[in-house]
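Student: need a structure here:
(one chain, ligands or ions: 1)
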Amino acid sequence: SGARVRRAHNKRLPQYLERGVDVKFSDVAGLGKIRLELEEIVKFFTHGEMYRRRGVKIPGGILLCGPPGVGKTLLAKAVAGEAGVNFFSISASQFVEIYVGVGASRVRALYQEAKENAPSVVFIDELDAVGRERGLIKGSGGQERDATLNQLLVSLDGFEGRGEVITIASTNRPDILDPALVRPGRFDRKIFIPKPGLIGRMEILKVHARKKPMADDVDYMAVASMTDGMVGAELANIIEVAAINMMRDGRTEITTDDLLQAAQIEERGMLDRKERSPETWKQVAINEAAMAVVAVNFPDLRNIEFVTIAPRAGRELGYVRMKMDHVKFKEGMLSRQSLLDHITVQLAPRAADELWYGEGQLSTIWAETADNARSAARSYVLGGLSEKHHGLSNFWAADRINEIDLEALRVMNFCYDGAKEILQQNRKLMDAVVDELVRKKSLTKQEFFNLVELHGVIKPMPPSI
Ligand code: ADP
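Tutor: Residues are numbered from 1 along each chain as shown. Predicted structure coming up:
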């Protein structure tokens, strides 16, 4: 299985060919509907004749767009693996050379090899390194790059529509590519690969767990839910680190704890990659601490797993992980009181900003959570949970929209005051949590509740609206 290498006698060894590429779609998890698009590319190879006979154009190039580590390279290999064709790859940064003409001649050599060993997939990583709009880079470096790009365009055109060599390129910046590259017949098909969601992360973890001695009762969902914002490369790494952990302890099976610990290490690694000023760290800490401190007052929300201000890919701030009943929450089966409590927690960052920095110096750090609060408050009113609207007939009438918004506002104000009151009573706890967060970036459940025990003033029962 894998790539078939057809090499004639006396020919030099192909430089850009990757031997033994044996990736299948089943090695790439969490793709959802994208898989269908990729299966079609495989068909361009396996059923090329059929497409040509029916006059269906086979694209010369396909762009895989998405952030680093989501599996773009892996997918390109899987296309070659599934089609059983050769895989040639180069990183576009290798095209960009100081000596004029080197990049262009590499492109020529790459496509020469791909053609001699067709059918084949040519994979160009980081296309934006060479594919930026021409004329944007000044000086001789720019000239060289333009020559390379021109050669790439010529090479792409050489295979147009024939389906013997298909180029797949990856980029995180499709928006800055030279328009000539994305013209019909060239990279005229874009496939977006997003970061995996909760289920996707779980599936990716499971794919990588296949080759490892996992304990029978591993809770993949728990690991998936604390790796929000992480991509496949990071999740694969978690499995590796967990395996090392197991070996170090002289055990024979990887446990959920190994995975959770590895996830925390991965998260700190992400943290190191990002710089923040001390003031920003503090501001984010106040934001997150406020949510945790308010949440701890409410029965359905106080099950806090950890609090962190570690930045993660795709998420500027930190976050508080509350172990809520997510199914219940998503399906709107939370009790009326829990929904109010949820709104209060989401307004805590806004209240903290006012209390710690003052009305005159409000930031927008709380914008996202305030938005959550607003939509929850509307659901609350629209769902008829607000007392004022109990038993009202003709509730959905258009002329009541204003009234609904006003009532939602009233609910929000009520919750906002609640959040403020809790924060005022818990200044000591807030200060302690903020200090610890700034110092350590993450607090475990135990660390957080130790501080609550020491400094917290917890309300026995929330008031009713
Ligand atoms: P990209 O090209 O998007 O930067 P890669 O394909 O190089 O990402 O991903 C690096 C590694 O991360 C892969 O070799 C694989 O081990 C893992 N990985 C990434 N995405 C996935 C995924 N969707 N399913 C399984 N593994 C993945």
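
Student: what's whatever residue of the stretch 151-300 of the chain ends up closest to the ligand in contact with, if anything?
Tutor: Of all residues in the stretch 151-300 of the chain, Gly232 sits closest to the ligand, at 2.0 Å by C-beta to the nearest ligand atom. C-betas here are computed from N, CA, C, even on glycine. Residues in contact with Gly232 (C-beta atoms under 8 Å, 6 or more residues apart in numbering) are Ala29, Gly30, Gly69, Val70, Gly71, Leu74, Pro196, Ile204.

Student: do Asp125 as well
Tutor: Listed by C-beta under 8 Å, 6+ apart, the contact set of Asp125 reads Lys72, Thr73, Ser89, Ile90, Ser91, Ala92, Ala169, Ser170.

Student: secondary structure class for the third one?
Tutor: Following DSSP: H, G, I helix; E, B strand; the rest coil, Ser89 is assigned to strand.

Student: re earlier: give me the spatial nearest neighbour of the residue of the stretch 151-300 of the chain closest to the ligand, chain neighbours excluded.
Tutor: Computed as C-beta to C-beta, 6 or more residues apart in numbering, the closest residue to Gly232 that is not its neighbour in sequence is Gly71, at 4.6 Å.

Student: Could you tell me how many residues sit around the one you found?
Tutor: 25 (other C-beta atoms under 10 Å).

Student: Pretty sure it sits against Lys195.
Tutor: No: in this structure Gly71 lies outside contact range of Lys195 using C-beta atoms under 8 Å: 10.3 Å.

Student: and for these two, which residues touch both?
Tutor: Val231.

Student: the strands in the stretch 251-400 of the chain, which residues?
Tutor: 304-308, 319-322 (DSSP state E, counting those that start in this stretch).

Student: name the helices or strands packed onto the longest one?
Tutor: So that's strand 304-308. helix 278-295, strand 319-322, helix 427-440, strand 442-444, helix 445-455 (3 or more C-beta pairs under 8 Å, 6 or more residues apart in numbering; DSSP states H and E).

Student: try 6 Å this time
Tutor: Judged by 3 or more C-beta pairs under 6 Å, 6 or more residues apart in numbering; DSSP states H and E, the packing partners of strand 304-308 are helix 278-295, strand 319-322, strand 442-444, helix 445-455.

Student: now that strand, how far from the chain's geometric center?
Tutor: The chain centre lies 20 Å from the centre of strand 304-308; the measure is C-alpha atoms, centre = their mean, to the nearest Å.

Student: got the CA coordinates for that strand in PDB?
Tutor: Extracted in PDB, the C-alpha atoms of strand 304-308 (Å, rounded to 0.1, in the frame of the first residue of the first chain):
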ATOM      1  CA  ILE A 304     -15.400  24.700  39.000                       C
ATOM      2  CA  GLU A 305     -12.800  22.500  37.500                       C
ATOM      3  CA  PHE A 306     -10.100  25.000  37.000                       C
ATOM      4  CA  VAL A 307      -9.500  28.700  36.400                       C
ATOM      5  CA  THR A 308      -6.900  29.900  34.000                       C
END
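
Student: just checking, Pro196 is part of a strand?
Tutor: No: assessed with three-state DSSP, Pro196 is coil; it does not lie in a strand.

Student: Count residues in the vicinity of it, would you?
Tutor: Burial of Pro196 is recorded as 25 neighbouring residues (other C-beta under 10 Å).

Student: Number of residues surrounding the spatially closest residue to it that is not a sequence neighbour?
Tutor: Using C-beta to C-beta, 6+ apart and skipping the chain neighbours, the partner closest in space to Pro196 is Gly30 (4.3 Å). Neighbour count for Gly30, taken as other C-beta under 10 Å: 25.
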